[in-house]
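Visitor: pasted the sequence and its predicted model underneath.
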Amino acid sequence: MVNINDFNFAGLKALVRVDFNVPLNENGQITDDTRIRGAVPTLKKILADGGSLILMSHMGKPKGKVNAKLSLGQITDAVAAALGCPVEFAPDCAQAGEAAAKLQPGQVLLLENLRFYPEEEGKPVGIEKDDPAYGEAKKEMKRRQEDFAKTLASYADVYVNDAFGTAHRRHASTAVVADYFDADHKMLGMLMEKEVAAIDNVMRNAQHPFTAIIGGSKVSSKLAVIKNLLDKVDNLIIGGGMGFTFIKAQGGSIGNSLHEDELMPEALNVLAAAKEKGVNLSLSVQTVCAQEFSNDAERQAVDIYHIPDGWEGMDAGEESLKNWKKIILESKTILWNGPVGVFEFENFAHGTGEIAKYVAEATKHGAYSLVGGGDSVAAVGKFGLADQVSYVSTGGGAMLEAIEGKTLPGVAAIKGE
Ligand code: AMP
């Protein structure tokens, strides 16, 4: 596989899939430009080599229709400012051949939102999955998706994918387009390289003891992650709202705490599998609970198996944190996804803040730590510790799928896996 750092883009047109899906306010102004800044190193390297750029991205969910509120034209100036050079805008991503052909070295063309075309996502439009004609419609859309990808590919000499956030999707711009470039003319961008390396560091090359901390609200959304991790980790800390399903499944009284009854058998399976595989699965032993879901609710710390009626567990108690601190500080590899309490409420953020501190401390002592998934990223940011962990992953869904053990289509399309 070609490494972007070893490739010389001089005189070449590069089609770069970026993630410019930035949040906008009602006036179309960008409220957080992290994603644009994230792509800059890759883009500047290509320009500095003497290449030209054709940038493509999605924004929001226009569902295959033109939607002015989701036009990438709104961010052209911000991209120009980030790159320090003019950026031309192509108002139709499938009709940009002429504009692309005119590009000179050092010039930049930004294509309109790819998802204005249903071909980008490749899902048949206006037909339900249970319709007998769905199969045919899907085949037809797949063919149209290939044509669309071929059109995009025709603009450039080389393809770069730097959009980790959509790497788990087999879309025209994230995967299919790569089929129209030979192995020497497609590569991962620098941001994507870093994400893939960080995930490989924990999933393939972990130093032991390896500890995963999985929190958040629901077991259902992370069951596949938990199951895959059982084959890799030495310690599995399960905290946050999802922990109560495990406590209830073992006969605990959890009051009004968040839980999923239908997942109790799965929770018991996970506990049994952990035992069989010799994984130290550490659940919370004490919780800080409240009588209502609000920041100002009265609080008390109780044994997690005996939460009084009418109370709900909202944060990890000191006894749980003491156990978890010991495990985390003894770890050589740490993967953290999901808060261990309702950290959005100041009064219930303590446990999550402590976990962030332990992960930072372990990192200082040489552990490799990867933090990922929207809320845990927000948590390390909130406690000012983002630069004290080894890597903070920006791709929530893509990272979860990677730690479920799935191959990411966006990566596979380039690596040829
Ligand atoms: P997830 O998106 O699954 O990672 O879940 C993140 C959400 O879980 C955050 O919004 C937290 O407020 C929530 N959460 C964590 N612990 C609890 C809890 N004990 N009760 C209710 N919600 C929780």
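Guide: Cool, got the structure.
Visitor: any idea how far Phe343 lies from the ligand?
Guide: According to CB to the nearest ligand atom, to the nearest Å, Phe343 and the ligand sit 6 Å apart. For glycine as for every other residue, the C-beta is placed from the backbone atoms N, C-alpha and C.
Visitor: what's the burial count for that residue?
Guide: Here the number of neighbours of Phe343 (other CB atoms under 10 Å) works out to 25.
Visitor: what's the answer for Asn5, then?
Guide: 9.
Visitor: repeat for Thr76
Guide: As a burial measure, Thr76 scores 17 neighbours (other CB under 10 Å).
Visitor: likewise the one 5 residues further on?
Guide: By the measure other CB under 10 Å, the count of residues near Ala81 is 13.
Visitor: how near is it to the ligand?
Guide: 33 Å.
Visitor: one more: Glu88?
Guide: 39 Å.
Visitor: hang on, that residue packs against Leu110?
Guide: Yes: taking CB atoms under 8 Å as the definition, Glu88 is a contact partner of Leu110 at 7.1 Å.
Visitor: which residue packs closest to the residue in the stretch 201-350 of the chain positioned nearest to the ligand, ignoring adjacent ones?
Guide: Nearest to the ligand in the stretch 201-350 of the chain, going by CB to the nearest ligand atom, is Gly216, at a distance of 2.6 Å. Closest residue to Gly216 apart from its sequence neighbours, by CB to CB, 6 or more residues apart in numbering: Gly338 at 3.0 Å.
Visitor: if I look at that neighbour, how far off is Gln74?
Guide: Gly338 sits 33 Å away from Gln74, going by CB to CB, to the nearest Å.
Visitor: higher neighbour count, these two?
Guide: Gly338 (27 against 19).
Visitor: for that one, give me its contacts.
Guide: Gly338 is in contact with 213-217, 222, 239-240, 242, 373, 375-376, counting by CB atoms under 8 Å, 6 or more residues apart in numbering.
Visitor: any idea which of those is closest to Lys248?
Guide: Proximity of those to Lys248, judged by CB to CB, is greatest for Met242, which lies at 11.4 Å.
Visitor: now the phi/psi pair for the nearest residue to that closest one once chain neighbours are set aside, please.
Guide: Among residues not flanking Met242 along the chain, Val219 sits closest, at 4.6 Å (CB to CB, 6+ apart). Per-residue torsions, Val219: phi -70, psi -40 (degrees, to the nearest 10).
Visitor: what's the closest non-adjacent residue to Phe9?
Guide: Gly51 (3.0 Å).
Visitor: does the one you found touch Gly11 like I think?
Guide: Yes: under the criterion of CB under 8 Å, Gly51 makes contact with Gly11 at 7.2 Å.
Visitor: what sits in contact with each of the two?
Guide: With CB under 8 Å, 6+ apart as the test, Gly51 and Gly11 both reach Pro105.
Visitor: more neighbours, these two?
Guide: More crowded of Gly51 and Gly11, by other CB under 10 Å: Gly51, with 26 against 12.
Visitor: quick one on the thing from earlier: please render the contacts of Gly338 as JSON lines that adds secondary structure and pLDDT to the earlier fields.
Guide: Shown next, in JSON lines, are the contacts of Gly338 (DSSP: H, G, I helix; E, B strand; the rest coil; pLDDT from 0 to 100):
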{"residue": "Ile213", "secondary structure": "strand", "pLDDT": "97"}
{"residue": "Ile214", "secondary structure": "strand", "pLDDT": "96"}
{"residue": "Gly215", "secondary structure": "coil", "pLDDT": "95"}
{"residue": "Gly216", "secondary structure": "coil", "pLDDT": "93"}
{"residue": "Ser217", "secondary structure": "coil", "pLDDT": "92"}
{"residue": "Lys222", "secondary structure": "coil", "pLDDT": "92"}
{"residue": "Gly239", "secondary structure": "coil", "pLDDT": "97"}
{"residue": "Gly240", "secondary structure": "coil", "pLDDT": "96"}
{"residue": "Met242", "secondary structure": "coil", "pLDDT": "96"}
{"residue": "Gly373", "secondary structure": "coil", "pLDDT": "75"}
{"residue": "Asp375", "secondary structure": "helix", "pLDDT": "78"}
{"residue": "Ser376", "secondary structure": "helix", "pLDDT": "82"}
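Visitor: residue of the stretch 51-200 of the chain closest to the ligand, please.
Guide: Closest point on the stretch 51-200 of the chain to the ligand, by CB to the nearest ligand atom, is Gly165, at 15.6 Å.
Visitor: in a helix, that residue, correct?
Guide: Yes: using DSSP: H, G, I helix; E, B strand; the rest coil, the assignment for Gly165 is a helix.
Visitor: name the SS class of Gln300, please.
Guide: strand.
Visitor: which one is it nearest to, not counting chain neighbours?
Guide: Cys289 (6.2 Å).
Visitor: that neighbour and Glu346, how far apart?
Guide: 16 Å.
Visitor: the more surrounded of those two?
Guide: Cys289 (26 against 9).
Visitor: phi, psi for that one please.
Guide: phi -120, psi 170.
Visitor: do the same with Arg170
Guide: Main-chain dihedrals, Arg170, degrees, to the nearest 10: phi -90, psi 70.
Visitor: got it, and the one 4 residues further on?
Guide: In this entry, Thr174 is assigned phi and psi values of phi -100, psi -20 (degrees, to the nearest 10).
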